[in-house]
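Trainee: Output the structure for:
(chains A, B, C and D)
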2 protein chains.
Amino acid sequence: MPSSTRARLPVADDPATCCAPMTAGVLDVADAEELAHRFKALGDPTRVRLVSLIAAAPGAEACICDLTEPVGLSQPTVSHHMKILADAGLVRREQRGRWAYFTVQREALDALARTLGEPATAAPRRSGGGLTT
Amino acid sequence: MPSSTRARLPVADDPATCCAPMTAGVLDVADAEELAHRFKALGDPTRVRLVSLIAAAPGAEACICDLTEPVGLSQPTVSHHMKILADAGLVRREQRGRWAYFTVQREALDALARTLGEPATAAPRRSGGGLTT
DNA sequence: CCCATTGATTTACATTTGTCAATGCGTGGT
DNA sequence: ACCACGCATTGACAAATGTAAATCAATGGG
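Mentor: Okay, here's the model as predicted:
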């Protein structure tokens, strides 16, 4: 599982392939940054709310205009938050006619969940963490 | 689950009982704030790294002095990050003699993972892997 | 073709965040 | 009692973040 060749790409490349489990060995810096980037996207109540709203919307999709009122924020602000979520690969944006429909990237959420939950592999204990950047 | 009476407490009250799944209905504001609070704690590469370092440390515990060098930050800064993680209930602090040992609150991570993963309504519990309480 | 509608960008600004140096506070060894 | 050690707190400061007003770009209906 070579992950050291991971760049600062917009991430959304493959949202389902995130990183190694957080608790199954010391994450290298790149993975830690990648994970933190996604967690940070969920680190705001409004954005958590937005994801939840989209997931619960009819058809599991919603446009900006559907979201501004429930969260009580201006359209530019909601658009800004959605961009952050999209850049993190947590939602997908699909332009359809005049509207931009957003859907939840469930695979990305699952991948994130996997990095938090019990490590899939029995984590071979590594002694001495000589980490030298 | 009445959660509207939830204040800005240090959260760590019961880290395993977090919130309803993000994608199984619209989260109320309180739950969204609670979730965001925890995600935000993981929204920094250093803190992700710290959790990973603790989990991988011998005995799955570590003191600040074990952590400063791997992350390459000053002791006050690491202490600051650990406070944020502890306030979010993601790690537990245990003063033992002169040292403060930190351990990962795996239940909190699992609870967080559960709010991300498939909503409890559909998929039954994972049958293969030893289910833990 | 004109114009209303949807959403993204830009600009601006107050607040929060990450970091370190300096300092304070317990604990334990001598 | 004293002092070294481990860690938390305070103060300070640059950088990032959340938000809104104003503006821009594109689409679709008359």
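Trainee: ok, and what's touching stretch A:91-111?
Mentor: Applying Cβ atoms under 8 Å, 6 or more residues apart in numbering or on different chains, the external contacts of stretch A:91-111 come out as A:12, A:15-18, A:38, A:50-51, A:54-55, A:60-65, A:67, A:82, A:85-86, A:88-90, B:22-23, B:116-118. For glycine as for every other residue, the C-beta is placed from the backbone atoms N, C-alpha and C.
Trainee: Identify each buried residue in stretch A:84-94, please.
Mentor: A:84-86, A:88-92 (16 or more other Cβ atoms under 10 Å in any protein chain shown).
Trainee: And A:Gln95, which helix or strand is it part of?
Mentor: strand A:91-96 (DSSP states H and E).
Trainee: just to revisit the earlier point, could you dump the buried residues of stretch A:84-94 into a markdown table with distance to A:Gln75 and pLDDT added?
Mentor: Supplementary listing: the buried residues of stretch A:84-94 in a markdown table, determined by distance: Cβ to Cβ, whole Å; pLDDT from 0 to 100:
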| residue | distance to A:Gln75 | pLDDT |
| --- | --- | --- |
| A:Ile84 | 15 | 98 |
| A:Leu85 | 16 | 98 |
| A:Ala86 | 16 | 98 |
| A:Ala88 | 21 | 98 |
| A:Gly89 | 23 | 97 |
| A:Leu90 | 20 | 98 |
| A:Val91 | 17 | 98 |
| A:Arg92 | 20 | 98 |
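Trainee: Of these, just say which sits nearest to B:Gln75.
Mentor: A:Ala88 (31.2 Å; Cβ to Cβ).
Trainee: Whichever of the contacts of stretch A:91-111 end up buried, select them in PyMOL.
Mentor: Only the buried entries of these go into this PyMOL selection, using 16+ other Cβ under 10 Å:
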select buried, (chain A and resi 12+15+18+38+50+51+54+55+61+62+63+64+67+82+85+86+88+89+90) or (chain B and resi 22+23+116+117)
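Trainee: The strand holding A:Gln95 pairs with which strands, parallel or anti?
Mentor: Under the criterion DSSP bridges, strand A:91-96 sits next to strand A:99-104 (antiparallel) in its sheet.
Trainee: tell me which element A:Leu27 falls in.
Mentor: Using DSSP H and E, A:Leu27 falls within no helix or strand.
Trainee: give the contact list for it.
Mentor: A:19-20, A:35, B:48-49, B:52.
Trainee: Tabulate those residues in a markdown table, adding columns for pLDDT and distance to DNA strand D.
Mentor: Putting the contacts of A:Leu27 into a markdown table (pLDDT from 0 to 100; distance: Cβ to the nearest atom of the strand, whole Å) gives the following:
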| residue | pLDDT | distance to DNA strand D |
| --- | --- | --- |
| A:Cys19 | 83 | 18 |
| A:Ala20 | 89 | 23 |
| A:Leu35 | 97 | 14 |
| B:Val48 | 98 | 14 |
| B:Arg49 | 98 | 16 |
| B:Ser52 | 98 | 18 |
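Trainee: In helices, which of these appear?
Mentor: Using DSSP state H, the members of these that fall in helices are A:35, B:48-49, B:52.
Trainee: what's the closest of those to B:Leu73?
Mentor: B:Arg49 (9.9 Å).
Trainee: quick one: A:Ile84 and DNA strand D, what's the gap?
Mentor: Using Cβ to the nearest atom of the strand, to the nearest Å, we find A:Ile84 at a distance of 6 Å from DNA strand D.
Trainee: Could you do A:Val26 as well?
Mentor: A:Val26 is 18 Å from DNA strand D, by Cβ to the nearest atom of the strand.
Trainee: again, but for A:Gly117
Mentor: Distance from A:Gly117 to DNA strand D, by Cβ to the nearest atom of the strand: 25 Å.
Trainee: now do A:Asp87
Mentor: A:Asp87 sits 11 Å away from DNA strand D, going by Cβ to the nearest atom of the strand.
Trainee: Check A:Pro76 too.
Mentor: 4 Å.
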